[in-house]
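A.B. asks: Next comes the sequence, and after it the predicted model I'd like to discuss.
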Amino acid sequence: MGDNKRLGFIGLGLMGNGMARLLIKAGYALTVFDLDPDKMNSFKALGARLASSPKEVGAKSDVVLSSLPDSKSVRDVYLGLPEGVLQGSSPGSLLIDFSTVDPETSRDNYKAAVEKKVKYLDAPVSGGPKEAENGKLVILVGGDRGAFEESKPILDLLGSTIHYAGPSGSGNIVKLVNNMMSMGNVLIAAEAIVLGVKAGMDSQTLFNILRTSGGRSAHLEKRFPNALVRNFEPGFTVDLAKKDLTLAIEMAKNFSVPVLSAHLSQQLYSVSSALGNGKKDCVSIINLFESWAGVKFQEVKK
Ligand code: NAD
């Protein structure tokens, strides 16, 4: 792998935008594709080549990277006929998908790629748009170890911690397990904090104590300061929380493993989405508990 590799990027959304920009900044020649023409045009101004299909990205790139919303789009982009990436890729090229999808989708794409002598990695990420912009993502990689080693110089530009999780699909297994825990942490913290405020605690004092105490979590520290000042801009949206919990529940069904709290979490984020909060940050789940308790977790200006 070297700077003369031609890269392609598909899916220039909240996450892909920052990642693709970092690759251009590092000096890579980049061909991009997104269904949204405005997103494409913003990359033209940065010197990227615009493709008219995933197949064209595949044909013009030694390494194709993608950050797409869901399993369907990941299957369409790579396997689609006649315009999918694999219709254009040459043997020996490498495909790296950063999307959070079910492990089966990753494995199906991997198998289709192997048939064409193309390498495929599932590489879902932990961290949000800010980390994507700053090259500070945590990247969880599944696939052949040789392909992982080959991908490292690129992944090192995008992430501060890169894990090799195991064979194809492993990255997404870990990602779904992680997000069951993360979204559960946000939910439990929201419920408990609202009870604390209802029982008479000042919100800021409660938060200051909790962030040093046993109940703290990475998400308490990252998201609840925003809730305290009533900032619910995403970050990681309620709809993404719902999506990832749904994928985790499907994975559990495939193994006949009961996941009771994941079901409850999934339902509560679904309620929040149905109430119109799908595009807000997942910490806005606290609004549900606040409305039931009749109090707000809010900094009081003294
Ligand atoms: P997003 O919706 O902002 O971006 C997705 C982009 O893909 C959009 O620009 C959309 O136009 C494009 N797209 C959709 N279907 C396409 C297709 N068939 N062909 C080409 N382009 C297509 O989503 P995001 O927040 O950037 O998330 C991307 C992935 O990263 C998701 O799988 C998400 O679960 C995961 N993720 C997101 C976050 C986060 O904080 N936002 C954190 C970790 C992981």
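C.D. replies: Ah, there it is. Numbers count the residues shown, from 1 in each chain.

A.B. asks: and the stretch 51-200 of the chain, which residues reach the ligand?
C.D. replies: Ser67, Leu68, Pro69, Ser73, Asp76, Val77, Ser99, Thr100, Val125, Gly128, Pro129 (Cβ under 6 Å from any ligand atom). (Each C-beta comes from the backbone N, C-alpha and C, glycine too.)

A.B. asks: now the residues you listed as JSON lines including secondary structure?
C.D. replies: Rendered in JSON lines, the data for those read as follows (DSSP: H, G, I helix; E, B strand; the rest coil):
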{"residue": "Ser67", "secondary structure": "coil"}
{"residue": "Leu68", "secondary structure": "coil"}
{"residue": "Pro69", "secondary structure": "coil"}
{"residue": "Ser73", "secondary structure": "helix"}
{"residue": "Asp76", "secondary structure": "helix"}
{"residue": "Val77", "secondary structure": "helix"}
{"residue": "Ser99", "secondary structure": "coil"}
{"residue": "Thr100", "secondary structure": "coil"}
{"residue": "Val125", "secondary structure": "strand"}
{"residue": "Gly128", "secondary structure": "coil"}
{"residue": "Pro129", "secondary structure": "helix"}
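
A.B. asks: what's the farthest-apart pair in those residues?
C.D. replies: Asp76 and Gly128 (24.8 Å; Cβ to Cβ).

A.B. asks: So which of these two has more stuff around it?
C.D. replies: Counting neighbours by other Cβ atoms under 10 Å for Asp76 and for Gly128 shows that Gly128 has the greater number, 21 against 16.

A.B. asks: show me what contacts that one?
C.D. replies: Contacts here follow Cβ atoms under 8 Å, 6 or more residues apart in numbering; on that basis Gly128 touches Leu14, Met15, Pro234, Gly235, Phe236.

A.B. asks: Kindly report the same for Asp122.
C.D. replies: Taking Cβ under 8 Å, 6+ apart, we find Asp122 in contact with 97, 101, 103, 106, 109-110, 141-143, 168-172.

A.B. asks: Any figure for the gap between it and Lys5?
C.D. replies: Distance of Asp122 to Lys5, given as Cβ to Cβ, to the nearest Å: 20 Å.

A.B. asks: cool, Thr246 as well?
C.D. replies: Thr246 sits 36 Å away from Lys5 when distances are taken as Cβ to Cβ.

A.B. asks: for Leu65, same thing?
C.D. replies: Per Cβ to Cβ, Leu65 is found 11 Å from Lys5.

A.B. asks: between those two, who's got more neighbours?
C.D. replies: Leu65 (28 against 16).

A.B. asks: Show the backbone phi and psi for the more buried one.
C.D. replies: Leu65 has phi and psi values of phi -120, psi 150 when expressed as degrees, to the nearest 10.

A.B. asks: likewise Leu7?
C.D. replies: phi -110, psi 150.

A.B. asks: Can you give me the neighbour number for the nearest residue to it once chain neighbours are set aside?
C.D. replies: Nearest in space to Leu7, with sequence neighbours left out and distances taken as Cβ to Cβ, 6 or more residues apart in numbering, is Tyr28 at 4.7 Å. Counted by other Cβ under 10 Å, the residues lying close to Tyr28 total 21.
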